[in-house]
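**Q** 3D model of this:
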Amino acid sequence: MPATAAASSDRFEPARAKSGRLYALLHEAILTGRIRPGEALSENLLAEQYGISRTPVREVFQRLINDGLLRVVPQIGSFVAPINLAAVADSQFIREALECQAVRHAADAVTEPQLGALHAQVAAQRQRFEAGDQRGFFALDEAMHQAILEIAGHATVWQVIASVKAQLDRVRHLSLEDADWLAMIFRQHQDIVDRIAAHDGPGAAAAMQHHLRTVFAAVERIAAAHAAFFESPTAPPPPRQESP
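**A** Below you'll find the predicted structure:
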(Lines give C-alpha, C1' and ligand atoms only; values in the text may rest on other atoms or scores of the structure.)
Protein backbone atom coordinates (compact mmCIF):
# COMPACT_ATOMS: atom_id res chain seq x y z
CA MET A 1 0.00 0.00 0.00
CA PRO A 2 1.43 3.48 -0.90
CA ALA A 3 2.49 5.63 2.07
CA THR A 4 -0.22 8.22 1.41
CA ALA A 5 -2.93 5.55 1.29
CA ALA A 6 -1.59 3.96 4.48
CA ALA A 7 -1.64 7.33 6.25
CA SER A 8 -5.20 7.98 5.10
CA SER A 9 -6.27 4.50 6.23
CA ASP A 10 -4.65 4.99 9.64
CA ARG A 11 -6.41 8.34 10.07
CA PHE A 12 -9.83 6.68 9.77
CA GLU A 13 -8.95 3.60 11.80
CA PRO A 14 -11.42 3.21 14.72
CA ALA A 15 -10.09 4.17 18.14
CA ARG A 16 -10.69 0.63 19.45
CA ALA A 17 -8.58 -0.83 16.63
CA LYS A 18 -5.83 1.70 17.31
CA SER A 19 -5.79 0.89 21.02
CA GLY A 20 -5.67 -2.84 20.23
CA ARG A 21 -2.72 -2.26 17.92
CA LEU A 22 -1.01 -0.12 20.54
CA TYR A 23 -1.45 -2.83 23.15
CA ALA A 24 0.03 -5.46 20.83
CA LEU A 25 2.99 -3.23 19.96
CA LEU A 26 3.79 -2.34 23.58
CA HIS A 27 3.28 -5.91 24.79
CA GLU A 28 5.71 -7.25 22.19
CA ALA A 29 8.23 -4.46 22.78
CA ILE A 30 8.32 -5.17 26.52
CA LEU A 31 8.55 -8.95 26.08
CA THR A 32 11.36 -8.70 23.54
CA GLY A 33 13.32 -6.16 25.60
CA ARG A 34 13.10 -3.37 23.05
CA ILE A 35 11.49 -1.40 25.89
CA ARG A 36 13.61 -2.12 28.96
CA PRO A 37 12.44 -2.70 32.55
CA GLY A 38 12.20 0.64 34.34
CA GLU A 39 11.66 2.64 31.15
CA ALA A 40 8.93 5.29 31.40
CA LEU A 41 5.85 5.31 29.18
CA SER A 42 3.83 8.48 28.67
CA GLU A 43 0.06 8.45 28.11
CA ASN A 44 0.22 11.88 26.51
CA LEU A 45 3.01 11.03 24.08
CA LEU A 46 1.47 7.72 23.05
CA ALA A 47 -1.98 9.31 22.59
CA GLU A 48 -0.45 11.97 20.35
CA GLN A 49 1.68 9.48 18.43
CA TYR A 50 -1.22 7.10 17.69
CA GLY A 51 -3.88 9.74 17.22
CA ILE A 52 -6.19 8.57 19.99
CA SER A 53 -7.42 10.10 23.22
CA ARG A 54 -5.83 9.36 26.59
CA THR A 55 -8.77 7.17 27.66
CA PRO A 56 -7.96 4.22 25.33
CA VAL A 57 -4.25 4.63 26.12
CA ARG A 58 -5.12 4.41 29.81
CA GLU A 59 -7.06 1.21 29.04
CA VAL A 60 -3.99 -0.19 27.26
CA PHE A 61 -1.88 0.66 30.30
CA GLN A 62 -4.37 -1.13 32.56
CA ARG A 63 -4.12 -4.26 30.40
CA LEU A 64 -0.32 -4.14 30.65
CA ILE A 65 -0.59 -3.68 34.42
CA ASN A 66 -2.84 -6.75 34.59
CA ASP A 67 -0.23 -8.64 32.54
CA GLY A 68 2.44 -7.72 35.09
CA LEU A 69 4.35 -5.71 32.48
CA LEU A 70 3.68 -2.14 33.66
CA ARG A 71 3.61 -0.35 37.00
CA VAL A 72 2.21 3.03 37.93
CA VAL A 73 3.95 5.09 40.57
CA PRO A 74 1.40 7.64 41.86
CA GLN A 75 2.30 11.26 41.14
CA ILE A 76 5.39 10.13 39.21
CA GLY A 77 4.50 8.09 36.14
CA SER A 78 4.13 4.71 34.46
CA PHE A 79 7.13 2.42 34.08
CA VAL A 80 7.87 -0.96 32.55
CA ALA A 81 7.71 -3.44 35.42
CA PRO A 82 10.82 -5.34 36.47
CA ILE A 83 10.92 -9.03 35.59
CA ASN A 84 9.07 -11.09 38.19
CA LEU A 85 11.49 -13.81 39.31
CA ALA A 86 8.80 -15.86 41.02
CA ALA A 87 6.85 -16.00 37.75
CA VAL A 88 10.03 -16.96 35.87
CA ALA A 89 10.66 -19.85 38.27
CA ASP A 90 7.02 -21.00 38.12
CA SER A 91 6.85 -20.99 34.33
CA GLN A 92 10.20 -22.80 34.09
CA PHE A 93 8.85 -25.42 36.50
CA ILE A 94 5.75 -25.89 34.32
CA ARG A 95 7.81 -26.14 31.13
CA GLU A 96 10.18 -28.67 32.65
CA ALA A 97 7.39 -30.85 34.02
CA LEU A 98 5.55 -30.92 30.70
CA GLU A 99 8.29 -30.78 28.09
CA CYS A 100 10.66 -33.33 29.64
CA GLN A 101 7.89 -35.90 29.58
CA ALA A 102 6.81 -34.85 26.10
CA VAL A 103 10.30 -35.19 24.62
CA ARG A 104 10.51 -38.74 26.01
CA HIS A 105 7.35 -39.62 24.11
CA ALA A 106 8.59 -37.75 21.03
CA ALA A 107 11.79 -39.82 20.97
CA ASP A 108 9.68 -43.00 20.92
CA ALA A 109 7.04 -41.79 18.47
CA VAL A 110 8.95 -39.65 15.96
CA THR A 111 8.56 -40.59 12.29
CA GLU A 112 11.08 -40.01 9.52
CA PRO A 113 9.12 -37.07 8.04
CA GLN A 114 8.83 -35.48 11.51
CA LEU A 115 12.53 -36.01 12.10
CA GLY A 116 13.27 -34.39 8.77
CA ALA A 117 11.21 -31.37 9.83
CA LEU A 118 13.15 -31.12 13.11
CA HIS A 119 16.48 -31.24 11.26
CA ALA A 120 15.20 -28.52 8.92
CA GLN A 121 14.30 -26.48 12.00
CA VAL A 122 17.85 -26.83 13.34
CA ALA A 123 19.30 -25.81 9.96
CA ALA A 124 17.09 -22.71 9.92
CA GLN A 125 18.16 -21.88 13.47
CA ARG A 126 21.81 -22.11 12.43
CA GLN A 127 21.18 -19.51 9.73
CA ARG A 128 19.51 -17.17 12.19
CA PHE A 129 22.18 -17.42 14.88
CA GLU A 130 25.01 -17.05 12.36
CA ALA A 131 23.24 -13.92 11.08
CA GLY A 132 22.87 -12.61 14.65
CA ASP A 133 19.10 -12.50 14.19
CA GLN A 134 17.98 -13.11 17.77
CA ARG A 135 14.28 -12.43 17.11
CA GLY A 136 14.22 -14.78 14.14
CA PHE A 137 16.03 -17.40 16.21
CA PHE A 138 13.55 -16.97 19.07
CA ALA A 139 10.62 -17.59 16.73
CA LEU A 140 12.25 -20.80 15.46
CA ASP A 141 13.02 -21.83 19.06
CA GLU A 142 9.33 -21.53 19.88
CA ALA A 143 8.37 -23.50 16.78
CA MET A 144 10.76 -26.33 17.63
CA HIS A 145 9.43 -26.75 21.17
CA GLN A 146 5.87 -26.68 19.85
CA ALA A 147 6.75 -29.28 17.19
CA ILE A 148 8.16 -31.64 19.83
CA LEU A 149 4.88 -31.47 21.74
CA GLU A 150 2.99 -32.21 18.53
CA ILE A 151 5.20 -35.23 17.82
CA ALA A 152 4.55 -36.45 21.36
CA GLY A 153 0.80 -36.23 20.71
CA HIS A 154 0.22 -33.27 23.04
CA ALA A 155 -0.16 -30.34 20.65
CA THR A 156 -2.59 -28.37 22.83
CA VAL A 157 -0.17 -28.41 25.79
CA TRP A 158 1.73 -25.61 24.04
CA GLN A 159 -1.23 -23.31 24.68
CA VAL A 160 -0.90 -24.00 28.41
CA ILE A 161 2.82 -23.26 28.33
CA ALA A 162 2.39 -20.11 26.21
CA SER A 163 -0.19 -18.72 28.63
CA VAL A 164 2.22 -18.64 31.60
CA LYS A 165 5.63 -17.78 30.22
CA ALA A 166 5.59 -14.04 29.55
CA GLN A 167 8.08 -13.20 32.32
CA LEU A 168 10.26 -16.16 31.33
CA ASP A 169 10.28 -14.96 27.72
CA ARG A 170 11.56 -11.56 28.84
CA VAL A 171 14.63 -13.28 30.29
CA ARG A 172 15.05 -15.45 27.20
CA HIS A 173 14.98 -12.46 24.83
CA LEU A 174 17.51 -10.54 26.91
CA SER A 175 19.82 -13.56 27.14
CA LEU A 176 19.86 -14.02 23.36
CA GLU A 177 21.37 -10.55 22.93
CA ASP A 178 24.69 -12.23 23.83
CA ALA A 179 26.14 -14.01 20.77
CA ASP A 180 27.85 -16.70 22.86
CA TRP A 181 24.60 -17.44 24.68
CA LEU A 182 22.73 -17.65 21.40
CA ALA A 183 25.28 -20.18 20.13
CA MET A 184 24.98 -22.22 23.33
CA ILE A 185 21.19 -22.41 23.04
CA PHE A 186 21.56 -23.52 19.42
CA ARG A 187 23.94 -26.32 20.45
CA GLN A 188 21.46 -27.45 23.09
CA HIS A 189 18.74 -27.62 20.45
CA GLN A 190 21.03 -29.74 18.29
CA ASP A 191 21.60 -32.09 21.21
CA ILE A 192 17.87 -32.46 21.91
CA VAL A 193 17.12 -33.26 18.26
CA ASP A 194 20.04 -35.70 18.09
CA ARG A 195 18.66 -37.57 21.13
CA ILE A 196 15.21 -37.69 19.55
CA ALA A 197 16.73 -39.00 16.31
CA ALA A 198 18.48 -41.74 18.29
CA HIS A 199 15.15 -42.65 19.94
CA ASP A 200 16.88 -42.00 23.28
CA GLY A 201 13.95 -40.95 25.49
CA PRO A 202 15.87 -40.62 28.79
CA GLY A 203 18.73 -38.79 27.05
CA ALA A 204 16.32 -36.43 25.29
CA ALA A 205 14.59 -35.67 28.60
CA ALA A 206 17.94 -34.98 30.32
CA ALA A 207 19.00 -32.69 27.45
CA MET A 208 15.66 -30.86 27.63
CA GLN A 209 15.95 -30.44 31.39
CA HIS A 210 19.47 -29.00 31.07
CA HIS A 211 18.29 -26.69 28.29
CA LEU A 212 15.29 -25.33 30.19
CA ARG A 213 17.29 -24.76 33.37
CA THR A 214 19.72 -22.41 31.63
CA VAL A 215 17.21 -19.66 32.43
CA PHE A 216 18.57 -19.52 35.99
CA ALA A 217 22.09 -18.88 34.73
CA ALA A 218 20.68 -16.29 32.33
CA VAL A 219 19.05 -14.43 35.23
CA GLU A 220 22.35 -14.40 37.13
CA ARG A 221 24.23 -13.07 34.08
CA ILE A 222 21.73 -10.35 33.28
CA ALA A 223 21.29 -9.32 36.92
CA ALA A 224 25.06 -8.92 37.30
CA ALA A 225 24.91 -6.10 34.75
CA HIS A 226 21.33 -4.87 35.23
CA ALA A 227 20.11 -5.67 38.74
CA ALA A 228 17.24 -3.20 38.37
CA PHE A 229 15.75 -5.32 35.58
CA PHE A 230 14.52 -7.73 38.27
CA GLU A 231 12.43 -7.41 41.40
CA SER A 232 15.40 -8.84 43.27
CA PRO A 233 19.03 -8.74 42.10
CA THR A 234 19.47 -12.32 43.25
CA ALA A 235 18.30 -15.14 41.05
CA PRO A 236 16.21 -17.91 42.57
CA PRO A 237 18.32 -20.97 43.37
CA PRO A 238 18.19 -23.60 40.65
CA PRO A 239 16.39 -26.82 41.54
CA ARG A 240 18.34 -29.92 42.44
CA GLN A 241 19.89 -31.61 39.42
CA GLU A 242 17.80 -34.72 39.21
CA SER A 243 17.21 -37.01 36.28
CA PRO A 244 13.78 -36.25 34.76
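
**Q** What are the buried residues along the strand or helix carrying residue 190?
**A** Per DSSP states H and E, residue 190 falls inside helix 179-197. For helix 179-197, burial by neighbour count (16 or more other CB atoms under 10 Å) applies to 181-182, 184-186, 188-189, 191-196. Every C-beta, even on glycine, is put in place using the N, C-alpha and C of the backbone.

**Q** now those as TSV including distance to residue 208 and pLDDT?
**A** Output for the buried residues of helix 179-197, formatted as TSV (distance: CB to CB, whole Å; pLDDT from 0 to 100):
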residue	distance to residue 208	pLDDT
181	18	96
182	19	96
184	15	97
185	13	98
186	15	98
188	9	98
189	10	98
191	9	98
192	6	98
193	11	98
194	12	98
195	8	98
196	10	98
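
**Q** In this protein, which residue is most central in space?
**A** Residue closest to the average C-alpha location in the chain (CA atoms, centre = their mean): residue 169, at 2.7 Å.

**Q** Retrieve the pLDDT associated with that one.
**A** You'll see residue 169 listed with a pLDDT of 97.

**Q** can you pull the contacts of the nearest residue to it once chain neighbours are set aside?
**A** The shortest distance from residue 169 to any non-neighbouring residue, by CB to CB, 6 or more residues apart in numbering, is to residue 31 (5.4 Å). Contact partners of residue 31, counting by CB atoms under 8 Å, 6 or more residues apart in numbering, are 69, 166, 169-170, 173.

**Q** Now residue 174. Nearest residue, chain neighbours left out?
**A** Spatial nearest neighbour of residue 174, excluding adjacent residues (CB to CB, 6+ apart): residue 33 at 4.9 Å.

**Q** pretty sure the one you found belongs to a strand, no?
**A** No: counting by DSSP: H, G, I helix; E, B strand; the rest coil, residue 33 is not found in a strand; it is coil.

**Q** what about it, distance to residue 80?
**A** According to CB to CB, to the nearest Å, residue 33 and residue 80 sit 10 Å apart.

**Q** likewise residue 57?
**A** Taken as CB to CB, the span from residue 57 to residue 80 is 15 Å.

**Q** neighbour count winner among these two?
**A** residue 57 (26 against 22; other CB atoms under 10 Å).

**Q** Tell me which helix or strand the more buried one sits in.
**A** Using DSSP H and E, residue 57 falls within helix 54-66.

**Q** what's that helix in contact with?
**A** For helix 54-66, contacts defined as CB under 8 Å, 6+ apart pick out 15-16, 18-19, 22-23, 26-27, 30, 41, 43-44, 46-47, 50, 70-72, 78.
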